[in-house]
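Asker: Kindly generate the corresponding structure for this input.
(3 chains)
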Amino acid sequence: MSDPVLTQLVANLVAGRIRVVDLTQTLSPDFPQIVLPPEMGQAWPFRIEEASRYDERGPAWYWNNFSCSEHTGTHFDAPIHWISGRYLPDGSTDTIPAAHFIAPACVLDCSKQAAADADFLLTVGFLREWEKRHGRIPGGSWVLMRTDWSKRTGPVAYQNLDETGQHTPGPDAEAVRFLVAEREVLGFGSEAIGTDAGQAFHLRPPYPCHYYMHGSGRYGLQCLTNLDLLPPTGAIVIAAPLKIRDGSGSPLRAIALVPAPANAPARDRNRTSEAKKRGIKRKRR
Amino acid sequence: MTRPLVRPPRKNPMLKTRVPTLPPPGRSRVALGLTAAAARGRFELQVCRDCATVQYPPREACRACLSQRLDWRAQDGAGELLSETTLWHSHELFYRERIPWRLGMVRLDCGPVVVAHLHGDCTAAPSRVRVRAALDRAGQATLIALPQKDTPNMADDRQLREMTCDPKFRKVLITDAKTPLGQATVEAIAAAGADLVWAGYGEPWKKTRGFDRLASIPQVSLLPLDLTDSRAVRDAAGEIGGRVDILINTADYHRIYGIAARNGLETARAEMDMNYFGLLRLAQEFAPAMRGRGADGQSSAVAWVNLLSIFALSNFPPHGTYSASKAAALSLAQCLRAELSPAGVRVINVFPGPIDDEWNQLLPPPKIVPARLASDIVDALRGGAEDIYPGDIAQEWLARWRDNPKTLERELAAASR
Amino acid sequence: MSRRRAAYDEVVVTAPVTVPYVRYSIHGAHWFLAGALAELLKHAGLSKDKIDGLCVSSFTLAPDTAVGLTQHLGLTLRWLDHIPMGGACGIVALRRAARAVQNGDAEAVACIAGDTNHTDSFRLNLATFSQFARDAVYPYGSGGANASFAFLTGYYMRTYGAKREDFGKLCIAQRTNALKFPYALMKKPLTLDEYLEARLIADPLRLFDCVMPCAGADAFLVLHRAQAETLGLPYARILSTIERHNAFPDDAIQYRGGWALDRDELYAQAGIGPQDVDVLATYDDYPVITLMQMEDLGFCEKGEGPDFVRRNTFTVDGSLPVNTSGGQLSVGQAGAAGGFLGLVEVIRQLTDQALGGAVAGARIGLASGFGMINYDRGLCSGAAILAASGGPS
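Answerer: Now for the predicted structure:
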C-alpha cells in the first residue's frame, strides 16, 4: 500500500509541478580531470574503449569498457578521500548511509564575483549576507557554490592553469569552519574541478574545504552544472555515488528536484505509452 | 646532373591510386647479414678470419680457403665501375613501373665484384665510385654506387630516393609536438622541406614553453591529439590520416621508478598507456591509409618513426617500468614493421640514450640534446637505415648489448645499486 | 701433369630429334620430355625397354628430377643422370653418356632436354635460379641474365672495339639460317636496320640480342657403334670433348670462358685444328658470347672476334657456317633444350639429316655449350668435336 506522501510526489512529478534538473557534466574523454604535479599519482581521465559495435566482435550488440578515476567528471568525495577523515566510521562510498544521498540544497550565487576574479574566495561575510536574504542555512543540507564555471566549455578555460597553477573559485578556511561548526551542513558542492579553490594549497590549512568537510565526516560534489537553474533554497539534490568497496568517491549522476513555475506543462505521457507499445510488439515477433 | 626535386603537382583525384609493389624481397639467411648491417646504416661484407678474403655474394664458407669463420666487417665501398647498363625492360613489376633504371658492375677495392644500382651522376665506365648499402623498399639490403664525390642535389636522384624517406615536399605528423624534443622535431622537419607538419598536442590546458612559437612556422598545423584516447586518435586519423606521408611518434611518458620504488600500478599503467597502447592506437588508425599510399606518387607514404629508447634493449632498473614500456613498444614496432613492409613503408626505430630533460636529471652526461636528436631523426629519414642509436650512451650500450646481452644486464643492474 | 684422357672409340651419337617448339604451352615439362623420348624410340626403331640409361635436363620439371621421370614414363634403368647445367647440358650429357656406354655401364643412353613455358614461367624460374642470383642480382631488377650480359657486352665492346653491327651480322646470318628450319619460332627475315633500331632491353642489348623463351625439347641417343650399325642408324663419332666449371674466377668481369683453358686439349685429342671445322654451333644466348666462343675455341685470338666476324660469313653456305638451324636467337630457347639445340643440329649436319639448309660436305662439327649465370658470369663451359661416320678429318 503506497504512502500518500510518495503518491503525491509521483503525481507532482508526472504533472510537471516538480521538475528534474540534471546537475551532471557528460563523461567523455575530453572532459578535463584534475592534474597533480608530475611526480605524484595521477587521476585517470575518462577513457572508453569499444568492445563491439554490431560487428564481428559482437554482431547484435554495442558495448564499451571504460576507465576513469573515482574523481573524474561530476563526482562525489567521501570522507575517507582526505587524510583528516581517514579514520572516521562510515566514511567510504560503500558505508555512507544511503539516506544521506537525498538532501536539500542551498545555492549561493557567486557568478558575478567569479567572473570578475577567478580566484574568488567565498567568505563568512558573504554567507551572512546570503542568509539575510534567504534565511539560515539548514543543517543537513548541501551548500552549492554557483559560479557559472560550468559554462566554460573549453578544457583550457575550465582548467584555467598558468605558471602558478590552477585558478578557480572556492571557499576560504573560515567559511568552511563556519559551515561545519555553525551550520552542520551535509557537504559542499562546486562547479569547478575541486571543491577547494584552485590556489587553496596556499591557504591555512591547505585545501580547507577537503580538510574540514571530510575531517568532520562530510561530503563534496564537484564539476556540477546547471546550478543556475536551481532556486536559492528549496531544491532537493539526489547524489548517490557508486557503491565501491573502500571507495574514496565516484563519478555519479547528480540531479535536483525543483518546484516548477506555475504554467509549466505536464510531462508527455503519450511518449511513454508508445515506448511501452513498441516493447510489446518486439516480444510478439 | 641530378635535377633538384620539385614539388609534385596536385594529385588527380579521378585516377586510381597506384598500389605498392616491391623489389624482390627474398634473401638467403646468410645474405640477411647484409640487411642487418644496412638496417644500422652500415655497409658490411664477410671477411675470412683465416685468410682475410672479402666475400660477395654472402656465403657460408670462404671462397679462397673454405674456412667457415666469416665475420661481417664494415667496408668503405670504394671501387671501380667496370661496366654499366640501363634497364628498359624488367619482368618484375616494381622495376617495370620505374624503368629506365641504371645498374652497374663495380669491382670493390677490397676485392669482390658487385652488381649495384647506379646513381645518375656516376660517369661511364671505367670510373671511380663509392658503394653504399641501403634498405630498399622491400626492407632488404641493396647496394647503390654513388659518384666518388658528392654532387649537387645528389639525394634527389630518382633511384636513390627509392631507398630513402626524404621529408622534402612530404606531409609529416609529429604526434607530440609539445615536448622539447617534439618542438625540435617540428622545426627540423620543417627546415628539411616538408610541405605540411601537423604538430600534435594533448592536454591543451597544460602549457609548455616554446610550443606557441611553432604556430608561427608556415608549414605547421596544430592538431589536438591525445594518444591515450582511442576516439581522439580515430578522429585525428579520419581527418588527416589519408594525407600523412611520414608519421613520427614522439609521445613519451617517462617516469623514473623501478618496481619497489613506486607502490601501485598507476604510474606504470600511465607509461604503458602512452608508450605502448598509444603506439597501438596510432598504428590501428593511421597504418591502413599509409599502407594504401606506399606508391602514391613522389610524395608517397614512406616512413613511420618511433621514438623508443636505448632502455628498450635492456632494462635500466632505476627507470624500470619505463624501460619495460619501451620494450613493449619495441616489440610492437617490430610487428608494425612486418605489417607495413608489403607497402614499402619503412618503420624506423630510434633508440636514443637519455635525453637531456627533467626526467633524466639524475643521470650523468653525456645526455642527448633535443635539437641533436631531431637532426638525427631527419638524417635517418634521408638515409637508408631503420634502427638508429643516437648519442654516445646509446652507441656504447648497443655495442655492449651486441657483444653479449647478459653482460649488459649485469652492468646496468650494478650501475643502479 | 694429368693423365691422358681416353678416346671415345666405339661410342657414337645418333637419332637427333626435336619436339617442335611453341611459345606457350599448358603442358608440363614431362609432356615435352616424354615426346622427345618417344621420338627417339621411333627414330631409332627401339622399344622402350631397350633404353637402359637416361640423362635429363630441365628447369621446369620440378618438383621432379630425372628419377621421378623413370616412374612417370615407365622406365627401368641401370644408369641415370640429371644435368642441371643450362646451356652446357648437352655437351655434359654427351660426356656422361659416352663414358657410361664405353665402359659398359649402359648400352643405350637417351639424352633428353626440354621445358615447358607458361606466361609467368620465365619470371618464376628466374626468382629461384640460384642463391647468388636471388641475393645479389634479382633484387636489382633485371629479369634473368639481361643485365649481366649487358655488362659483359658493354665491357667487351669498350675493350675490343666490337660494334653493334658486328653482333647484328651474326644475328642476321642466324636468322637467314632459321628461315629454312621448320621448328624456328622466328620466321621473318631480319635486316640490319631492324636489328639496330629494335626496342632497347638493357643497353646496349636490344630485342634481337635476346632469345625468346619457349617450350620444346631436343634429344639424342648414345650407343655403341656396333649397335648403331645393327639398327642401320646414321651416326656421328665423338673425337673429343671438354668441360670446365667456374673457370678464371678472378677475372673481374667475364671476357673469356673455360674453353680458353681447355681448347688445346680439345683439338689435340681430336687431332684437328679450328680450320678443319666445317660446321660450328655456339651457345648463343647473347651474340657477345658467340664471339667469346669463337675466340676461346681458337677461331681467332682474344679480342679479334669483331675482326673475325667482319671477315667471315656464317650462313649455311658461308665461310664458317654457325648455328645453321638459326641458333636460340632465331629458333627460340626451350629452357634446357637450348643446351641441346646446337649439338643436335651438328649431329643432323654430320649425318645428312639437316631439316633446314645443309652444309655441303660437312665432315667435322664443333658444338659448344655455356651456361648457368649463377651470379655475374656463366660458370659452365664445354665443347665437343664430332665427325661424320665416313672416317676422321
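Asker: Can you show me the strands along the stretch 1-150 of chain A?
Answerer: Applying DSSP state E, counting those that start in this stretch to the stretch 1-150 of chain A gives strands spanning A:18-22, A:47-55, A:58-67, A:75-77, A:102-109, A:121-122, A:142-146.
Asker: One more: the stretch 1-150 of chain B?
Answerer: Using DSSP E, counting those that start in this stretch, strands in the stretch 1-150 of chain B cover B:44-48, B:54-55, B:70-74, B:78-87, B:101-108, B:113-118, B:127-135, B:141-147.
Asker: got CSV for those, with mean neighbour count and mean pLDDT too?
Answerer: (Glycine included, C-beta is placed from N, CA and C.) Shown next, in CSV, are the strands of the stretch 1-150 of chain B (neighbours: other C-beta atoms under 10 Å in any protein chain shown; pLDDT from 0 to 100):
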stretch, mean neighbour count, mean pLDDT
strand B:44-48, 22, 98
strand B:54-55, 20, 98
strand B:70-74, 15, 98
strand B:78-87, 22, 98
strand B:101-108, 25, 98
strand B:113-118, 26, 98
strand B:127-135, 21, 97
strand B:141-147, 24, 98
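Asker: Now distance to A:T153 too, for these, in a markdown table please.
Answerer: Shown next, in a markdown table, are the strands of the stretch 1-150 of chain B (distance: least, C-beta to C-beta, whole Å):
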| stretch | distance to A:T153 |
| --- | --- |
| strand B:44-48 | 59 |
| strand B:54-55 | 69 |
| strand B:70-74 | 60 |
| strand B:78-87 | 62 |
| strand B:101-108 | 58 |
| strand B:113-118 | 57 |
| strand B:127-135 | 49 |
| strand B:141-147 | 55 |
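Asker: Nearest to C:V17, out of these?
Answerer: Checking the strands of the stretch 1-150 of chain B against C:V17 by C-beta to C-beta gives strand B:78-87 as the closest, at 37.8 Å.
Asker: Which of the strands of the stretch 1-150 of chain A sits closest to chain B?
Answerer: The minimum distance between chain B and those falls on strand A:47-55, with 5.6 Å, by C-beta to the nearest C-beta.
Asker: Return the residues of chain C in contact with chain B.
Answerer: C:122-123, C:126-127, C:131-132, C:134-144, C:146-148, C:150-152, C:154-155, C:158, C:199-205, C:249, C:252-253, C:375-376 (C-beta under 8 Å from any C-beta of the partner chain).
Asker: What residue in chain A comes nearest to chain C?
Answerer: A:E56 (35.3 Å).
Asker: Just give me the residue right at the centre of chain C.
Answerer: By C-alpha atoms, centre = their mean, chain C has its centre lying nearest to C:G339, at 3.3 Å.
Asker: Spatially, which residue comes closest to it, not counting chain neighbours?
Answerer: Spatial nearest neighbour of C:G339, chain neighbours left out: C:C89 (3.8 Å); criterion: C-beta to C-beta, 6 or more residues apart in numbering or on different chains.
Asker: Which of the helices or strands spans that neighbour?
Answerer: Assigned by DSSP states H and E, C:C89 belongs to helix C:89-102.
Asker: Over to B:W198. Which of the three states is it?
Answerer: Here B:W198 is recorded as strand under DSSP: H, G, I helix; E, B strand; the rest coil.
Asker: Quick check, C:V22 in contact with C:P213.
Answerer: No - the pair C:V22 / C:P213 is not scored as a contact, 11.3 Å apart, by C-beta atoms under 8 Å.
Asker: neighbour count winner among those two?
Answerer: Neighbour totals were compared for C:V22 and C:P213, and C:P213 leads with 20 against 17 (other C-beta atoms under 10 Å in any protein chain shown).
Asker: Would you check how far apart B:L381 and B:A399 are?
Answerer: 24 Å (C-beta to C-beta, to the nearest Å).
Asker: Mind checking which of these two has more residues around it?
Answerer: B:L381 (26 against 11).
Asker: ok so, going back, what about the residue of chain A closest to chain C, how many residues nearby?
Answerer: Once other C-beta under 10 Å is used to define contacts, A:E56 is seen to have 6 neighbours.
Asker: Distance check, it against C:M294.
Answerer: 69 Å.
Asker: Quick check: neighbours shared by C:V22 and C:P213?
Answerer: Both C:V22 and C:P213 are in contact with C:N117, where contact means C-beta atoms under 8 Å, 6 or more residues apart in numbering or on different chains.
Asker: contacting residues around the closest residue to chain B within the stretch 51-200 of chain A?
Answerer: For the stretch 51-200 of chain A and chain B, the shortest gap (C-beta to the nearest C-beta) falls at A:Q159, measuring 3.5 Å. A:Q159 makes contact with A:32, A:35, A:166, A:193, B:205 under the criterion C-beta under 8 Å, 6+ apart.
Asker: contacting residues around the last one?
Answerer: Okay, so that is B:W205. B:W205 is in contact with A:32, A:35, A:155-156, A:158-161, counting by C-beta under 8 Å, 6+ apart.
Asker: how about a cut-off of 7 Å?
Answerer: By C-beta atoms under 7 Å, 6 or more residues apart in numbering or on different chains, the contact set of B:W205 is A:32, A:155-156, A:159, A:161.
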